[in-house]
Each structure stands twice: as C-alpha cells, then as structure tokens.
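1. 3D model of this:
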Amino acid sequence: WAHAPESQFLNRKSINMSWQGMVDQSLLGTGYVQKAAIHGHDGNPWATSAGFAVSPLEAKNVVAAFTNPSGFQASGIILQGEKYNYIRSDDKCIYGRKGGDSGVAIIKTKSAVVIGVYGPGTQAGNCNSVVEKLGDYLIGTGY
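-> Residues are numbered from 1 along each chain as shown. You can find the predicted model right below:
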C-alpha cells in the first residue's frame, strides 16, 4: 500500500464505506488494481469498476472453483469473457495470469468474492496484496 499507510486501511473498520467505495478507493485507488468487482456468492454484483462487467454466471463459477478448481485448471478463469490462465489457489485465494503482464487476484470471504485485475506496469504481488487486504478486512467485519 504505497498510497495509504497500513493503519489508514485498518482504521476503515470504523468508517461506513459503501461497496462501491471499497472498489473505488481500497482497490482502484491504490494504483495497483486496474479493474475490480465485489460479487456475492450467489453471483450478483455488489460493486464494480466502470467498464468491468463480470457476469453473475462467471462470478458463480469463481465461487465454485474455491471448492473444486479443476474447471479453472483445465479451461482458465473467465471474467468479462476474457480468459486468465489459472496459476494457483487455496481455500481463500485464486490467482490467474493473462499474457506476461496482466492477471487477476480473487479472494473469497464469508459472503462475497473480491476480484482485482492488474495490467501492464503493475507487479502481480502488489495487486495480490491489495486484494488480499480488502478480503481480510471484509472477513474481519463478518462479510
């Protein structure tokens, strides 16, 4: 979080921030995430960045992949119709890559998935860290 000290992020717990505010400020505002969305486990969007339309079916497939990633391992992660090659996953995170300079980090919380996409000029680890921190924040607040 080069743009916001760790303590600023953690203090957001006391701020009533909208889902769209989380996408705009906590993800896009860092400069490490170019496109982002938060979807419920039912696939419905809670918030999304302009021009990033992950379909409810794509979001449901993401949620299902946390239990069984074999579909992503075989066919890739499809978001807004674009394919990202599956890199790795665990029970909380899924990571994908598109070409040599773009990728996606997806974090599962109790009731949502946080999706962050990075593009050329961004280190994968920076995007991953930002998305993971928002996911941890949501988990810590019961979402």
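
2. so where's this protein uncertain?
-> Residues of the chain that meet the criterion pLDDT under 70 lie in 1-16.

3. how far off centre is the longest helix along it?
-> In the chain, taking DSSP state H as the definition, the longest helix is helix 124-140. With CA atoms, centre = their mean, to the nearest Å as the basis, helix 124-140 stands 8 Å off its chain's centre.

4. only the buried residues of it, if you could.
-> 124, 126-139 (16 or more other CB atoms under 10 Å). For the C-beta atoms, the positions are set from N, CA and C on the backbone; glycine is no exception.

5. and which of those is nearest to A64?
-> Closest approach to A64 among those (CB to CB): G135, at 17.7 Å.

6. so who does that closest one touch?
-> Taking CB atoms under 8 Å, 6 or more residues apart in numbering, we find G135 in contact with K92, C93, I107, K108, T109, V114.

7. from the centroid of the protein, which residue is nearest?
-> With distances taken as CA atoms, centre = their mean, the chain has I115 as the residue nearest its mean C-alpha position (2.0 Å).
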